[in-house]
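>>> pasting the structure only:
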Ligand SMILES: O=C(CO)COP(=O)(O)O
């Protein structure tokens with residue numbers, strides 16, 4: 001059985017008081033699904049969030065990390081630093097990192113390697129832009145992002161990767177992919193994994209969908225056979241909305 005996961009990517013939202021308040025609300029929320037729940041606060045609040053949630057079944061994860069072990073990279077955070085404050089899962093390849101910080105597939109391959117060498121898990125994001133979909137290239141674009149950053153891994157290493165399909169045009173826009181569009185892409189990705197790594201690996205890898213998932217559309221998206229959960233932005237900033245999504249699985 002592959003893992004069902006709902007992860008909240010808080011992005012650059014929530015200072016410490018708001019982080020504390022939202023964590024209190026999350027602790028009080030009622031969970032009725034068996035999905036794994038993760039939240040990704042800002043770096044500065046990770047340690048606090050980890051300490052607050054260590055007895056809970058909510059995992060605190062990071063939004064990014066550097067590919068180097070350590071060194072002169074002002075403003076950056078390493079895998080070892082994350083691990084030392086209790087974090088063992090990291091989001092890599094988010095489209096905002098790719099777009100605003102010029103992260104390339106090659107950079108991401110290095111980040112993935114560093115995370116795995118530190119025994120971390122990776123939520124690996126990818127997704128096409130609107131122009132790619134309009135040109136009918138969306139599948140090719142997504143496949144090349146996955147291939148370039150992940151296909152040097154062996155099947156054992158791939159077990160530590162959670163995939164997250166986030167069409168750029170659906171992020172923060174209120175415009176979500178239709179359930180059919182999500183299923184079509186997730187199925188194509190799973191087939192691509194099966195072709196390279198075999199059916200067993202493909203059947204066991206979780207593929208999340210992200211992009212304007214809200215309480216009112218989550219169930220429809222999650223009901224697709226190849227959609228194993230979601231990566232949630234805006235709607236993860238309110239405990240009620242986030243748990244409505246978690247409980248939609
Ligand atoms: O980018 C996302 C999660 O990583 C999705 O963001 P929204 O849910 O706000 O569209």
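Sure thing, it's come through. Owing to the predicted nature of the structure, the values given are computational and were not obtained by experimental measurement. Numbering: from 1, shown residues only.
>>> closest residue of this structure to the ligand?
residue 233 (2.2 Å; C-beta to the nearest ligand atom). In short, each C-beta sits where N, CA and C put it, glycine included.
>>> contacts only, for that residue.
Going by C-beta atoms under 8 Å, 6 or more residues apart in numbering, residue 233 touches 8, 9, 11, 171, 172, 210.
>>> for the lowest-mean-pLDDT helix or strand in the chain, buried residues please.
For the chain, counting by mean pLDDT, DSSP states H and E, helix 130-134 ranks last in confidence among helices and strands (a mean of 94). For helix 130-134, the neighbour count (16 or more other C-beta atoms under 10 Å) marks 132, 133 as buried.
>>> check whether that helix contacts the ligand.
No: on the criterion C-beta under 6 Å from any ligand atom, helix 130-134 is out of touch with the ligand, staying 13.9 Å away.
>>> next SSE after that helix?
Later in the chain than helix 130-134, the nearest helix or strand by DSSP states H and E is helix 138-150.
>>> report all helices and strands that that next one contacts.
Based on contacts counted as 3 or more C-beta pairs under 8 Å, 6 or more residues apart in numbering; DSSP states H and E, the elements that helix 138-150 packs against are helix 105-117, strand 121-126, strand 161-165, helix 179-197.
>>> tabulate those (TSV), appending mean pLDDT.
Formatted as TSV, those follow (pLDDT from 0 to 100):
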stretch	mean pLDDT
helix 105-117	98
strand 121-126	98
strand 161-165	98
helix 179-197	97
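>>> as a markdown table, these with distance to residue 19 would be great.
Putting the helices and strands packed on helix 138-150 into a markdown table (distance: least, C-beta to C-beta, whole Å) gives the following:
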| stretch | distance to residue 19 |
| --- | --- |
| helix 105-117 | 23 |
| strand 121-126 | 20 |
| strand 161-165 | 22 |
| helix 179-197 | 30 |
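>>> any chance of the ones you listed in CSV, with mean neighbour count and distance to residue 144 too?
CSV is the format used below for those (neighbours: other C-beta atoms under 10 Å; distance: least, C-beta to C-beta, whole Å):
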stretch, mean neighbour count, distance to residue 144
helix 105-117, 19, 8
strand 121-126, 25, 9
strand 161-165, 25, 14
helix 179-197, 18, 11
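>>> TSV please, covering those and showing distance to the ligand.
Below are the helices and strands packed on helix 138-150 laid out as TSV (distance: least, C-beta to the nearest ligand atom, whole Å):
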stretch	distance to the ligand
helix 105-117	15
strand 121-126	7
strand 161-165	7
helix 179-197	13
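>>> between those, which one is nearest to residue 29?
Taking C-beta to C-beta, strand 121-126 is the member of the helices and strands packed on helix 138-150 nearest to residue 29, at 21.2 Å.
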